[in-house]
Each structure stands twice: as structure tokens, then as C-alpha cells.
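[1] 3D, please:
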Amino acid sequence: MTTAPSGRRLPRLTNTTRGLVDGWNRLGSQTAFYVRALGFTWEAVVRYKTETLRLIANMSLGVGALAVIGGTVVVVTTLTMSVGGLVAIQLFRSLSDVGVQALSGFASAYINTRLAAPLVACIGLAATIGAGATAQLGAMRINEEIDALEVMGIRTITYLVSTRVVAGVVVTVPLWCMASLAGYMATRTLVIFAYGQAPGVYDHYFHTYLQPTDLIWSMLQVIGTATSIMLVHTYYGFNASGGPAGVGEAVGRAVRASLVVAVAVTLAVAMAAYGVSGDFNLSG
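    Take a look at the predicted model:
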């Protein structure tokens with residue numbers, strides 16, 4: 001048996017080492033970008049009020065043809081109503097198999113509050129507002145508009161990135177409220193009108209297990225996730241390269257990365273807030 005010369009292993013080792021070093025450098029540059037963007041948020045609110053308000057209006061209701069359907073508000077509400085309907089269909093049948101279908105209200109208060117509404121709101125944010133921010137910044141980068149702003153003495157991270165982070169977080173709070181209400185309404189409507197459960201029974205278990213602290217944690221979870229999503233999307237758009245094809249590639253990478261970050265932040269907040277017990281007890 002013959003073995004390959006050790007010299008042939010060096011290029012593979014060199015490429016692996018180079019890849020690890022490049023990945024570490026990218027992580028460091030992203031971290032520095034995120035810290036600068038968060039550090040300039042107060043300056044963005046104070047110096048660029050008009051730009052921040054314009055971005056809030058564009059992100060919430062949209063402009064042009066998108067304003068006809070209500071922009072992100074309608075998209076997130078529709079997604080959450082679909083998920084709420086799925087929660088009603090699956091859980092009512094599953095609970096009926098063990099004879100505890102009366103707990104459908106508990107399932108709605110637990111799943112829609114802690115999982116469905118925050119995740120769907122963040123997915124809608126990443127697919128609409130986040131992707132739009134990446135495309136806008138990427139187009140400005142390849143058209144050298146960002147370079148022109150820097151030549152004019154404008155802090156581009158403050159004007160372009162921090163304002164979008166602030167606007168995204170501000171828009172996310174009412175989006176989460178509408179998403180939660182839409183999920184509750186969809187689940188309650190299907191359970192009562194489609195499956196014939198008594199409204200009093202559903203409302204009793206729903207209000208019993210819907211804790212105010214869960215709503216607060218859910219909102220904080222959405223705010224943290226929205227901040228992470230906007231930071232990821234603005235980074236990829238701000239550093240896009242390679243022409244129009246590079247902008248499209250940056251949007252795809254940003255969406256994939258932001259969805260992973262959203263799930264990770266949701267898991268971290270859920271473990272920190274609810275622990276391993278779930279903060280409820282069923283007995284009978």
C-alpha cells in the first residue's frame with residue numbers, strides 16, 4: 001500500500017485554515033458593524049427624525065402599489081390568522097382524542113402567545129421589511145450612492161442603518177399586537193363555530209391560562225428578534241457587491257441568516273423566560 005506524499009496535504013490544510021481565518025474575520029467585522037449601528041441609534045432619532053418617520057411609514061403601510069393592500073400589516077396579519085387556524089384544527093383534534101377538548105382555550109393562550117405570534121411576526125418582518133432594506137441598501141451601494149453620502153460628510157451607518165433599525169423595531173410592536181389578536185381570533189372562531197365548542201368553556205380556559213407576564217415576554221422577544229433581523233439585513237445590504245446579481249445574492253443570504261437568528265433568539269428568550277417547567281400545571 002502506498003501513501004500520498006505529505007506535501008499534497010498542505011494545500012488542503014492551507015485552504016481549511018484560510019477559510020477559518022476568513023470566517024473569523026467576517027464575524028469580527030459583522031460584530032463591529034452591529035455595535036456601531038446600535039451605538040448610533042440615539043443619534044439617528046435625534047438628527048434624522050424625518051428620515052426615521054418616513055421609514056416607519058414605508059415599513060408599516062407601504063408605498064405605491066404595496067399601499068393598496070396595506071403593506072406588511074396585511075401580510076403579517078394574514079400569516080398569523082393562517083397559523084391560528086392551524087393551531088385550532090390540529091390541537092382540537094389532538095385534545096379530542098384524549099377527551100380534553102375543553103382545553104382548546106388553554107392551547108390558544110399558550111401556543112399563540114409564546115410561539116406562533118412572535119415567530120410569524122418575525123418571519124413576516126424578515127421577508128418584507130428586512131428583504132426590502134437589504135435591496136435598498138444594496139442598490140445604493142452598487143450605484144455608489146453610499147460613497148457619495150460619505151463624501152458629503154454624512155455618517156452613512158447612522159443615516160442608513162441605525163434609522164432602519166429604529167424604524168423596524170417601532171413597526172414591529174404594533175405588528176406583534178395585530179398578529180396576536182389575529183391568531184386569537186382565528187383559533188377561537190374555528191373552535192367555536194366549526195367544532196361547536198361552547199364559547200363560555202373556551203373563554204374560561206383561555207383567560208385562565210393567558211398570563212400578562214407571557215404577553216410582556218412575548219413583546220420583548222419580538223423586539224429583540226426584530227433588532228437582530230434588521231441588523232443582519234442592513235449589514236448584508238450595506239456591504240453588497242457584484243452588481244444587480246450581487247444584490248440579489250445579498251438578499252438571499254440575509255433572509256436565510258435572519259431566519260436562523262430569529263429562531264435562535266426566540267429559543268434563548270423562551271428558555272430564559274419560561275425555563276424548563278413552562279410555568280403552568282395541569283391536574284385533574
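[2] Check the separation of the first and last residues in stretch 105-123.
    25 Å (CA to CA, to the nearest Å).
[3] likewise stretch 118-132?
    Where stretch 118-132 begins and where it ends lie 20 Å apart, using CA to CA.
[4] Just give the closest residue to residue 236, not the sequence neighbours.
    Spatial nearest neighbour of residue 236, excluding adjacent residues (CB to CB, 6 or more residues apart in numbering): residue 254 at 3.8 Å. Heads up, the C-betas are built off the backbone N, CA and C, glycines and all.
[5] Would you mark the buried spots in stretch 24-31?
    Across stretch 24-31, burial judged by 16 or more other CB atoms under 10 Å covers residue 30.
[6] Just the CA coordinates for it, please, in CSV.
    What follows is stretch 24-31, C-alpha atoms only, in CSV (Å, rounded to 0.1, in the frame of the first residue of the first chain):
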residue,chain,number,x,y,z
TRP,A,24,-13.4,34.7,11.9
ASN,A,25,-12.6,38.0,10.2
ARG,A,26,-16.2,38.2,8.8
LEU,A,27,-17.6,37.5,12.2
GLY,A,28,-15.5,40.3,13.7
SER,A,29,-16.5,42.8,11.0
GLN,A,30,-20.1,41.9,11.5
THR,A,31,-19.9,42.4,15.2
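[7] Report the contact partners of the residue nearest to residue 236.
    Residues in contact with residue 254 (CB atoms under 8 Å, 6 or more residues apart in numbering) are 130-131, 134, 232-233, 235-237.
[8] how would you label it: helix, strand or coil?
    helix (DSSP: H, G, I helix; E, B strand; the rest coil).
[9] Compute the distance between it and residue 138, please.
    Separation of residue 254 from residue 138 (CB to CB, to the nearest Å): 9 Å.
[10] now residue 189
    In terms of CB to CB, residue 189 sits 41 Å off from residue 138.
[11] ok, so what distance separates the residue nearest to residue 236 from residue 216?
    For residue 254, the distance to residue 216 - CB to CB - is 29 Å.
[12] Likewise for residue 123?
    21 Å.
[13] ok, these two, which is more surrounded?
    Comparing residue 123 with residue 216 by other CB atoms under 10 Å, the one with more neighbours is residue 123, at 23 against 11.
[14] so what pLDDT did the more buried one get?
    We have a pLDDT of 83 for residue 123.
[15] can I assume it is in contact with residue 261?
    No. Contact criterion CB atoms under 8 Å: residue 123 and residue 261 do not qualify, at 11.9 Å.
[16] Just give me the residue closest to the centre of this structure.
    Closest residue to the average C-alpha location of the chain: residue 122 at 2.6 Å, with CA atoms, centre = their mean.
[17] if I read this right, that residue contacts residue 266, doesn't it?
    Yes. Between residue 122 and residue 266 there is a contact at 7.4 Å, judged by CB under 8 Å.
[18] Residues in contact with both of residue 254 and residue 138, list them for me.
    236-237.
[19] what comes into contact with stretch 147-155?
    For stretch 147-155, using CB under 8 Å, 6+ apart, the contacting residues are 40, 43, 156, 159-160.
[20] thinking again about what came up before, of residue 189 and residue 138, which one has the most company?
    For the pair residue 189 and residue 138, the greater number of neighbours falls to residue 138 (27 against 14), based on other CB under 10 Å.
[21] could you say what helices and strands the helix or strand where the more buried one lies packs with?
    Assessed by DSSP states H and E, residue 138 sits inside helix 131-142. Counting contacts by 3 or more CB pairs under 8 Å, 6 or more residues apart in numbering; DSSP states H and E, helix 131-142 is packed against helix 145-151, helix 212-238, helix 243-274.
[22] switch the cut-off to 7 Å
    Where contact means 3 or more CB pairs under 7 Å, 6 or more residues apart in numbering; DSSP states H and E, helix 131-142 is packed against helix 212-238, helix 243-274.
[23] Residue 113 is nearest to which of those helices?
    Closest approach to residue 113 among those (CB to CB): helix 212-238, 4.9 Å.
[24] Just the angle for the closest one relative to helix 243-274, thanks.
    160 degrees (axes from the mean of the first three to the mean of the last three CA atoms, to 10 degrees).
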